[in-house]
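*Asks:* structure of the sequence below:
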Amino acid sequence: MSGIYSKLREIEEGYIRAALCTIIHTTGSTPGKTGAKMIVYAHQGIYGTIGGGNLEMKVIEQAKEVIATLKPAVYKHKLLSELAMCCGGTVDIFIEPILNKKKLYIFGAGHIGKSLARFAHDLDFQVTLIDSRYEAFQDIQNVGWRNLQLMHQNAIQDLTFDAETFVVIVTHNHAFDREILALTAPKAHAYLGMIGSMRKVEIAKKNLLAASIVTEQELKDIDMPMGVEINAVAPAEIAISILAALIDKRNTLSGLSGGKGRSKKNIIQNEEYK
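*Replies:* The predicted structure is shown next:
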């Protein structure tokens, strides 16, 4: 069973789309027993088994539907009457999509950046924390995310960007923030946000448009000042407001739905803790 959990971690950390199928209840004679698990890949076969035969073929078909819709479901199967399997029992199978972790690049390892890295890692983002300052990482060694001590220009050259990449800019230097914004805005991303006061944001917008780095529409998609509107004061509270925006975007991309929070406004943010 340990092998299947290794495969699950591999899928979560990568880009392969897949679903996990688990037998949750059986009656009578069945080829697989409660707890049996199988991973179905969108394009690359299966790993594990829930018993083989027509049952497995049908479950693979259902798993691919779950991968496409991202909606988990329980499927009930009568082996004899529906699948012509002589076992004759019934099997209930829970099929759930395996969600890939989204890459999150946090530029700035100050108080807000560190808090955000910790919270985002706990909520299954694949976090990379970037800062050129050696001392910035002294109190966060051996953590579950990647610390990258590089100047932002070099880091951006080394990092990979795609349509599901999240980028957060919270460095200790206004000029750095604007440079990172200009360098990352043209790259593929799902979310791009920068912390700052209204004045800082307006300057950044004017600079991006004047240099033709982004269009007016692309500029509207940049979250700045970033975060969800709450009365956040402490660094950890500001990090939570940012994380809320990231979760909202991630779940929207994944087709997940839930309760609605407070809408995001243009809020003035305290830059003291960067």
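*Asks:* can you tell me the element Q153 falls in?
*Replies:* Following DSSP states H and E, one finds Q153 within helix 152-158.
*Asks:* touching, V228 and S241? I think so.
*Replies:* Yes: with contact defined as Cβ atoms under 8 Å, V228 counts as touching S241 (5.1 Å). For every residue, glycine as well, the C-beta is placed using N, CA and C.
*Asks:* where does the prediction get shaky in the stretch 151-274 of the chain?
*Replies:* Scanning the stretch 151-274 of the chain for pLDDT under 70 picks out the ranges 257-274.
*Asks:* ranges for the helices of it?
*Replies:* 152-158, 174-184, 198-210, 216-220, 235-253 (DSSP state H, counting those that start in this stretch).
*Asks:* K33: how many residues sit nearby?
*Replies:* Using other Cβ atoms under 10 Å, K33 has 11 other residues around it.
*Asks:* check G3 too.
*Replies:* Here the number of neighbours of G3 (other Cβ under 10 Å) works out to 9.
*Asks:* and it, how far is that from K249?
*Replies:* From G3 over to K249 the distance is 33 Å, taken as Cβ to Cβ, to the nearest Å.
*Asks:* what's near enough to touch T160?
*Replies:* Contacts of T160 were listed using Cβ atoms under 8 Å, 6 or more residues apart in numbering, and they are K103.
*Asks:* ok, now Y75?
*Replies:* With contact taken as Cβ under 8 Å, 6+ apart, Y75 is in contact with 59, 62, 92-93, 95.
*Asks:* swap in 7 Å and give it another go.
*Replies:* Neighbouring residues of Y75 by Cβ atoms under 7 Å, 6 or more residues apart in numbering: 62, 93, 95.
*Asks:* so which of those are in strands?
*Replies:* Those of the contacts of Y75 mapping onto strands are 93, 95, per DSSP state E.
*Asks:* adding pLDDT, write the contacts of Y75 out as a markdown table.
*Replies:* Below are those laid out as a markdown table (pLDDT from 0 to 100):
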| residue | pLDDT |
| --- | --- |
| Q62 | 96 |
| I93 | 97 |
| I95 | 97 |
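*Asks:* contacts only, for the residue positioned nearest the centre of the chain.
*Replies:* For the chain, K102 is the residue whose C-alpha lies nearest the centre (Cα atoms, centre = their mean; 2.9 Å). Going by Cβ under 7 Å, 6+ apart, K102 touches 125-126, 164, 166, 190, 250.
*Asks:* farthest pair in those residues?
*Replies:* Q126 and A190 (12.7 Å; Cβ to Cβ).
*Asks:* stretch 65-77 spans what distance, first to last residue?
*Replies:* Using Cα to Cα, to the nearest Å, the end-to-end distance of stretch 65-77 comes out at 16 Å.
*Asks:* pLDDT averaged over that stretch - what is it?
*Replies:* What stretch 65-77 shows for mean pLDDT is 93.
*Asks:* give me the buried positions along that stretch.
*Replies:* For stretch 65-77, burial by neighbour count (16 or more other Cβ atoms under 10 Å) applies to 66-67, 75, 77.
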